[in-house]
Every structure is written in C-alpha cells, then in structure tokens.
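# Starting from these lines, generate the structure:
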Amino acid sequence: MPEVHTLFQCPVCEATHEDTEEAISCCNIDGITCPSCLRDYSSVTIHYSAIKVSGHCNTCNPLFTIEQQLAIQDLHYQETGHREHLHD
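A predicted model of the protein is given here:
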C-alpha cells in the first residue's frame, strides 16, 4: 500500500517542502492571519494588503470603501510589483 506524505508548497516558486516553515522561508515571504476569519495569507497576495489596510481579508468581507480599495491595490503593487484588483 502506498504511503501518504504531507508536503507544503511555497506560494511564490511552488517548490514543495516537508514542513510549513521551510515553505514559508523558501522565498523570504511573510505571512499574516485575518483576524476575522483566521485564514492565513502570504505577503504576495492582495489579501495580505487588505488585512494591513482594513483589518480583514477580501474572502470573509469583500466590502471596502473606494479609498480602502485604492490603498489596498497601491500597497499590493508597491510590495509585489504586480497590478491586481480586489474584485477580479
């Protein structure tokens, strides 16, 4: 019978690792937990910026003011260099 192995994937380069810490430190990314829904997000996602600006992620509460949307998208671009919109 084949054995089952748990692997963790780096969200940036998609390399697999044997534990969570190795996967997170692979490409030197940070993580954040949404205080509302307790989901974990890496610093390369727009949810990370949403939590920093508004205190919650786009998954548990997709409602943001126009000012928050612009601030989230600008912060995400500054930190990652990628243009991404909250509601794509």
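
# what sits against residue 62?
Contact analysis of residue 62 by Cβ atoms under 8 Å, 6 or more residues apart in numbering lists 86-87. (C-beta placed from N, C-alpha, C; glycine too.)

# Kindly state the pLDDT recorded for it?
pLDDT for residue 62: 91.

# what about it, distance to residue 68?
In this view, residue 62 and residue 68 are 11 Å apart by Cβ to Cβ, to the nearest Å.

# Scan the protein for its longest helix.
The longest helix of the chain (DSSP state H) is helix 66-80.

# how far is that helix from where the chain is centred?
Centroid separation between helix 66-80 and its chain, computed with Cα atoms, centre = their mean, to the nearest Å, is 14 Å.

# which SSE is residue 51 in?
helix 46-54 (DSSP states H and E).

# how close does residue 74 get to residue 17?
Distance, residue 74 to residue 17, using Cβ to Cβ: 32 Å.

# higher neighbour count, those two?
Per other Cβ atoms under 10 Å, whichever of residue 74 and residue 17 has more neighbours is residue 17, with 15 against 12.

# tell me the contacts of residue 39?
The contact partners of residue 39, taken as Cβ under 8 Å, 6+ apart, are 33, 47, 57, 59-60.

# buried subset of those residues?
Neighbour-count burial (16 or more other Cβ atoms under 10 Å) applied to these gives 47, 57.

# So which of the contacts of residue 39 are in strands?
residue 33 (DSSP state E).

# Most widely separated two among the contacts of residue 39?
Across the contacts of residue 39, no pair lies farther apart than 33 and 59, at 12.4 Å, counting by Cβ to Cβ.

# ok, residues contacting the helix or strand of the chain with the lowest mean pLDDT?
Least confident element among the helices and strands of the chain, by mean pLDDT, DSSP states H and E: helix 20-25 (a mean of 74). For helix 20-25, the external contacting residues (Cβ under 8 Å, 6+ apart) are 8-11, 15-17, 31, 42.

# could you give the angle of the longest helix of the chain to helix 46-54?
For helix 66-80 against helix 46-54, the angle by axes from the mean of the first three to the mean of the last three Cα atoms, to 10 degrees is 130 degrees.
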